[in-house]
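Participant: Here you go, sequence then predicted model.
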Protein chains: 4
Amino acid sequence: MPERAGRVVLDRFESHALRDNPHGDPHMRTIPVYLPPSYETSRERYPVIFWCHGFAQTALWGVNGSPGIPSLGMCMDRAIAAGAPESILVMIDAFTRFGGSLYLNSPANGQYEDYIINELIPYIDRTYRTRPDRGHRAVDGKSSGGFGALALAMRHPEQFSAVGSHSGDIYFEAAYRPLFWEFLNQVHRAGSVEKFLDDYLALPKRYDAAYIPALSMCFSPNPARPPYYFDLPMDLVTGELVPEVWARWIALDPVSLAESCTDALRAMKVIYLDCGNRDQYYLHFGARLLSRRLTSLGIAHDYFEYDDDHLYVNYRYPESLRRLAAAIA
Amino acid sequence: MPERAGRVVLDRFESHALRDNPHGDPHMRTIPVYLPPSYETSRERYPVIFWCHGFAQTALWGVNGSPGIPSLGMCMDRAIAAGAPESILVMIDAFTRFGGSLYLNSPANGQYEDYIINELIPYIDRTYRTRPDRGHRAVDGKSSGGFGALALAMRHPEQFSAVGSHSGDIYFEAAYRPLFWEFLNQVHRAGSVEKFLDDYLALPKRYDAAYIPALSMCFSPNPARPPYYFDLPMDLVTGELVPEVWARWIALDPVSLAESCTDALRAMKVIYLDCGNRDQYYLHFGARLLSRRLTSLGIAHDYFEYDDDHLYVNYRYPESLRRLAAAIA
Amino acid sequence: MPERAGRVVLDRFESHALRDNPHGDPHMRTIPVYLPPSYETSRERYPVIFWCHGFAQTALWGVNGSPGIPSLGMCMDRAIAAGAPESILVMIDAFTRFGGSLYLNSPANGQYEDYIINELIPYIDRTYRTRPDRGHRAVDGKSSGGFGALALAMRHPEQFSAVGSHSGDIYFEAAYRPLFWEFLNQVHRAGSVEKFLDDYLALPKRYDAAYIPALSMCFSPNPARPPYYFDLPMDLVTGELVPEVWARWIALDPVSLAESCTDALRAMKVIYLDCGNRDQYYLHFGARLLSRRLTSLGIAHDYFEYDDDHLYVNYRYPESLRRLAAAIA
Amino acid sequence: MPERAGRVVLDRFESHALRDNPHGDPHMRTIPVYLPPSYETSRERYPVIFWCHGFAQTALWGVNGSPGIPSLGMCMDRAIAAGAPESILVMIDAFTRFGGSLYLNSPANGQYEDYIINELIPYIDRTYRTRPDRGHRAVDGKSSGGFGALALAMRHPEQFSAVGSHSGDIYFEAAYRPLFWEFLNQVHRAGSVEKFLDDYLALPKRYDAAYIPALSMCFSPNPARPPYYFDLPMDLVTGELVPEVWARWIALDPVSLAESCTDALRAMKVIYLDCGNRDQYYLHFGARLLSRRLTSLGIAHDYFEYDDDHLYVNYRYPESLRRLAAAIA
């Protein structure tokens, strides 16, 4: 246990961009903020790392933890104990009732990218003693939050100068497509996609059962198709891809973004990628592919592959937080 | 979403009873405390519900949540919106490095029962505006925490006057014994119990893999057997029960406690039990058995059986919290 | 591949003992008989090994196979290639519509033990060139068939002088009891045991889904309880054992039979036991316990434990067949 | 149970085409032949249905069975009891040491298509009282054997005039590609594909663990690549498809064959397809796609979708056998 521990406050943030979002999800969000050990006794300003949670989670996920599976705050304490400069860690909340916005604007979900870039970052900078510029700001995350971190950094290099992704959603061919088949079985049982989603919303407990529709709301929203406003990328009967919809997904795959946002990637001081080599969602294939792509583009990055799966990989966060914090100090 | 929401503070509590515990687990614990909506604007005193988390969790588990799987704070908000008197909710932390103390004193784990009864309850009463007597105090919990709530209430009726257990560890024959076989396979692969536990402690992520030894540290500690100080209730080769050790477990089974602590149960204003009818740990058999036992003892109680399993049952907490809050108002 | 291969004939045998069995199961059975390589060209008489198939199978199971998972005939060919004396191998059929008779007489299933001992053995001896006495007769089997082999040998030492059991059903506490809980869940869903069995019989495909009732028909039949004529060993609501019924099961557990039939075991020239050390049905605990029990009784036997599970263990049969064939040559 | 039962003989057939196959698999095969009830007492000639077994099986699979899961012989008995004309049923054996040839010629596996078409069919016609022409010959099968039946019929309409496929391997995108990812994990652990296959061959029990390489030996053999002579259709590190190899697979997908062999399909008197709607290998998507393709080509066929999965679907065979037998009577 590190001797010097930071403190987590559960801030509440009210977003205008999320007001009146199509799902009626709250526009008031709890934002846990980790303040480093010296924060309360000093007058200094600190760099900030933003953290993107995974699918079906909220920002509060980062508060949960134990000595065996450390919370984000404990991870930051460990990073600092290992030599990282003291930094603030802000846990973004990008939850939707179907499981997640993937940190993107979407007419089906709401304007999550706007809320983060235009509202939350400025709020943090005016509320806490931060160093309020891209050079002192990083973004990190896990799973869908790894995707979120990469997408935010690649689409907003004016905001971030370092990025990390742990077991991030990369290479949708491997990450998402194998799940289409089982989803189609579920739709078949429900009778229709709409009925499937109505049933989902009526569940007493809602976790990740609406994964594929939720992703469709992020990657292929369609304002002309009520009540849920998205196109599915496959034929419901045969599972054949619908090329024009699938192309919309692929355009947002970090493997594609790396080509469309190469300059943004070159502007990062640190790009940290890791994955387990037996990830249940096959995300290691995408991590390898992106690493290979970055190498062929001549973009320096760190890539670590662990003998592990997708779950409870918090033990790996201190190292990425340490590297990001050092880069933005 | 309830319009009026309470606030959760992450308190820090330093225990003397846990100092120098055998595992070297922290004696400083984060204790999340839910303060009801009117708390900050009133000068009133409030009844208190204590919550016992499950195995392999800490008290922070209760802070995590989403609209689909509400945190304990959200559950309390919902209970109040449904008419419950405003109450404080205190999330006890009883984590150990092997996964949990089950809220009991043990020479193998530390004095968790003492810490709760003699230290944490008084601390809460002197720190928050509580109504500091048994008549205004309840205890609730889930899984091992359901066991904890029942054990604390039955062993300390001077502290609590209402108790709830969601999918609690009851009837160890069903809850624990079926897991012995697989545990023995793991010990066989590790080479010895000590090696198995050494390996566990070396894992980068530690969740519930040491379940049976952890239970043994709670139910059958043995100060004469270093380095981990417990007796296992079965023969390592054949799995046959060791009757004298198993008897120590059974003595602490809530089904047995109901007989040894009948007066305590009679002193409860509310006894709330629920379970899913396809609980992965077979805890519905124990819930039924305890309910049957209470009925035969003439002790009034609520028992609800849901068509559900063991996971993410938070949607059931508002109802028990509502009943407990009403009883101790 | 052994150069010299025996031949399997699919004999048909009509039983009087099984005629009018309560289930209406066929009294005509296909009995595959392996005749060793020299059988057709010689005039010799051969010792006979009887084989007991597993639960939910018929004798035809022993005919199926591939080079990767050899059939019983291929196993016998390999045993002979490894030096075993040429022997006949007879595959007993003890199937019932609920999955198996366990080779026992039962008013719920029919008189399977009588059919084997009084009818099938004499039929084999008068139909094939056998050496028709206990000294030249062995019995072997796998899983429930391992139980069958042990039970037949222990109860009929006048018929057999050598016995083998591969991953046999031994120590019912480990082998069967952990399965009671899930069975009770199924009964709960079906509404009653009778409805559960009616549903089972209406399935288009019937494999092992009626395992626990089928075992009850073998171990605790009750002619006074139509329509299926058995007592279950547990309370349907709480899962508590019903001691007087469970005692009937335990009396037939090979661990108990070893004590009640010790002389029979002493009369065996070979007792061969094996098991995988991660058997899904936890049968290794029983194999170890029986081996330990035999050792304490001073009864010589072979016990092999493999790093394997319960499935496709055919590769182990050549060795037991070789030892049994050598013993009865 | 049908009153009139046919008889199964275990014929042995020696192939010249399979002699000296690259794997050293046996060129002598056991071929079970079902002779209908009247065969022995009549002098008539009978139509013949050939049956193709599934992956990791041999022809002997068809002999195994029980009243609950009928053998192929029992299925034929049931078909005849339901009005089907009496027919001979021949169980083809197309096993290889890696699990199956898929009934195709391949320099990696051997000349299985030649063996069936040029050797086994003539042998059956000269050995049994058959009606030796395409009009009285059908081919049926399950899983890989469904693929086999479709491929044999489409590529050899001069031999067959009716075809059936139960849960056949159709639409490789759904049937095979989702399995590539896990296979790559296994190769990663083994170190190389060659090592993976060496390890497979050293296993004491070999079932379907070499599925993807075995398929590659069928669909994309490469005589220039010792020691196992095939190309994999994906990049070993990232899983990206290798387009030119994957194209070789796709060319043999029944969905593609339906376009390249349309005339053959038009020449069939019966095309029978079925599948379960929750097939573990997602084969229902291919069954639907092929049915849709046939419909758009104006080719009459039967398609049945069951509420079932991939396993133990024998109860569906009597209906396809009845239709095929009626068509070729």
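Facilitator: Cool, got the structure.

Participant: So which elements touch the one helix or strand residue A:122 maps to?
Facilitator: If you go by DSSP states H and E, residue A:122 is part of helix A:121-127. If contacts are counted by 3 or more CB pairs under 8 Å, 6 or more residues apart in numbering or on different chains; DSSP states H and E, helix A:121-127 sits against strand A:48-52. (Glycine included, C-beta is placed from N, CA and C.)

Participant: partners of the strand it packs on, with directions?
Facilitator: Using DSSP bridges, the strands paired with strand A:48-52 are strand A:88-92 (parallel), strand A:137-141 (parallel).

Participant: Just the buried residues of the first one, please?
Facilitator: Applying a neighbour-count criterion of 16 or more other CB atoms under 10 Å in any protein chain shown, one finds A:88, A:89, A:90, A:91, A:92 buried in strand A:88-92.

Participant: who wins for proximity to residue B:129 among the strands paired with strand A:48-52?
Facilitator: Nearest of the strands paired with strand A:48-52 to residue B:129, taken as CB to CB: strand A:88-92 at 30.0 Å.

Participant: pLDDT on whatever helix or strand comes next after that closest one, on average?
Facilitator: Next in sequence after strand A:88-92, counting helices and strands by DSSP H and E, comes strand A:105-106. Averaged across strand A:105-106, pLDDT comes to 98.

Participant: Strand A:105-106 pairs with which strands?
Facilitator: Strand A:105-106 sits in its sheet next to strand A:110-111 (antiparallel), going by DSSP bridges.

Participant: Touching the strand it pairs with from outside, list them.
Facilitator: A:17, A:18, A:21, A:22, A:23, A:25, A:96, A:101, A:105 (CB atoms under 8 Å, 6 or more residues apart in numbering or on different chains).

Participant: between those residues, which is nearest residue C:8?
Facilitator: Closest to residue C:8, out of all of the contacts of strand A:110-111 and judged by CB to CB, is residue A:96, at 63.0 Å.

Participant: Please tell me how far the residue nearest to residue A:203 when sequence neighbours are not counted sits from residue C:135.
Facilitator: Excluding the flanking residues, the one nearest residue A:203 by CB to CB, 6 or more residues apart in numbering or on different chains is residue A:209, at 7.2 Å. Counting by CB to CB, to the nearest Å, the separation of residue A:209 from residue C:135 is 65 Å.

Participant: Which one of those two is surrounded by more residues?
Facilitator: More crowded of residue A:209 and residue C:135, by other CB atoms under 10 Å in any protein chain shown: residue A:209, with 20 against 14.

Participant: Specify the local secondary structure of that one.
Facilitator: Secondary structure for residue A:209, judged by DSSP: H, G, I helix; E, B strand; the rest coil, is coil.

Participant: picking up where we left off before, may I see the buried residues of the helix holding residue A:122?
Facilitator: By neighbour count on 16+ other CB under 10 Å, the buried set for helix A:121-127 is A:121, A:123, A:124, A:125.

Participant: hang on, the earlier thing: now the strands paired with strand A:48-52 as JSON lines including distance to residue C:7 and mean pLDDT?
Facilitator: Below are the strands paired with strand A:48-52 laid out as JSON lines (distance: least, CB to CB, whole Å; pLDDT from 0 to 100):
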{"stretch": "strand A:88-92", "distance to residue C:7": "73", "mean pLDDT": "98"}
{"stretch": "strand A:137-141", "distance to residue C:7": "66", "mean pLDDT": "98"}
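
Participant: okay, now whatever residue of the stretch 151-300 of chain A ends up closest to chain B: neighbour count?
Facilitator: Chain B sits closest to residue A:206 of the stretch 151-300 of chain A, with a gap of 3.2 Å, by CB to the nearest CB. Look at residue A:206: counted by other CB under 10 Å, it has 20 neighbours.

Participant: Could you name the specific helix or strand carrying it?
Facilitator: Using DSSP H and E, no helix or strand contains residue A:206.

Participant: That one against residue B:65, yeah?
Facilitator: No: in this structure, residue A:206 is not within contact of residue B:65 by CB atoms under 8 Å, at 11.7 Å.

Participant: looking at the strands paired with strand A:48-52, which is closest to residue C:306?
Facilitator: When the strands paired with strand A:48-52 are compared by CB to CB, strand A:137-141 sits nearest residue C:306, at 45.5 Å.

Participant: Could you check how far the residue nearest to residue A:203 is from chain D?
Facilitator: As judged by CB to the nearest CB, to the nearest Å, residue A:209 and chain D stand 16 Å apart.

Participant: hang on, isn't that residue packed against residue A:202?
Facilitator: No: Residue A:209 is beyond contact range of residue A:202, at 11.6 Å (criterion: CB under 8 Å).

Participant: What are the boundaries of the strands in chain A?
Facilitator: Secondary structure of chain A (DSSP state E): strands at A:7-14, A:28-35, A:48-52, A:88-92, A:105-106, A:110-111, A:137-141, A:162-166, A:270-276, A:302-306.

Participant: Show me which residues of the stretch 51-200 of chain A sit near chain D.
Facilitator: When proximity is defined by CB under 8 Å from any CB of the partner chain, the stretch 51-200 of chain A lies next to chain D at A:171, A:173, A:174, A:178, A:181, A:184, A:185, A:188.

Participant: most neighbours, which of those?
Facilitator: Using other CB under 10 Å as the neighbour criterion, residue A:171 leads these with 27 neighbours.

Participant: Not including adjacent chain positions, what is the nearest residue to that one?
Facilitator: Spatially, and ignoring its direct neighbours in sequence, residue A:171 is nearest to residue A:286 (3.0 Å; CB to CB, 6+ apart).

Participant: what's the answer for residue A:95, then?
Facilitator: residue A:58 (4.4 Å).

Participant: In contact with the one you found, which residues?
Facilitator: A:29, A:30, A:93, A:95, B:64, B:65, B:66.

Participant: Could you identify which of those has the most neighbours?
Facilitator: residue A:93 (27 neighbours).

Participant: Residue A:57 and chain D: what is the separation?
Facilitator: 24 Å.

Participant: so that residue touches residue B:67, yeah?
Facilitator: No: contact criterion CB under 8 Å: residue A:57 and residue B:67 do not qualify, at 11.6 Å.

Participant: Now do the shared contacts for the two.
Facilitator: Residues touching both residue A:57 and residue B:67 by CB under 8 Å, 6+ apart: residue A:95.

Participant: Looking at the two, which one has more neighbours?
Facilitator: Between residue A:57 and residue B:67, counted using other CB under 10 Å, the more crowded position is residue A:57 (26 against 16).

Participant: For chain A, give me the ranges with low pLDDT.
Facilitator: Chain A contains residues with pLDDT under 70 at A:1-3.

Participant: one more time with 50
Facilitator: Counting by pLDDT under 50, chain A shows no low-confidence range.

Participant: What segments of it are helices?
Facilitator: Taking DSSP state H as the test, the helices found in chain A are A:72-81, A:112-114, A:121-127, A:144-155, A:172-175, A:180-190, A:193-202, A:211-219, A:243-252, A:254-260, A:262-266, A:283-296, A:317-328.

Participant: ok, and which of those has the densest surroundings?
Facilitator: The highest average neighbour count among these, using mean count of other CB atoms under 10 Å in any protein chain shown, belongs to helix A:144-155 at a mean of 28.

Participant: chain center to it, what's the gap?
Facilitator: 6 Å (CA atoms, centre = their mean, to the nearest Å).

Participant: Export it to CSV, keeping only CA atoms.
Facilitator: C-alpha atoms of helix A:144-155 as CSV (Å, rounded to 0.1, in the frame of the first residue of the first chain):
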residue,chain,number,x,y,z
SER,A,144,-14.9,0.6,-24.9
GLY,A,145,-13.1,3.2,-22.8
GLY,A,146,-9.9,2.3,-24.6
PHE,A,147,-11.7,3.0,-27.8
GLY,A,148,-13.0,6.2,-26.3
ALA,A,149,-9.6,7.3,-25.3
LEU,A,150,-8.1,6.6,-28.7
ALA,A,151,-11.1,8.2,-30.5
LEU,A,152,-11.0,11.3,-28.3
ALA,A,153,-7.2,11.7,-28.8
MET,A,154,-7.3,11.1,-32.5
ARG,A,155,-10.2,13.4,-33.1
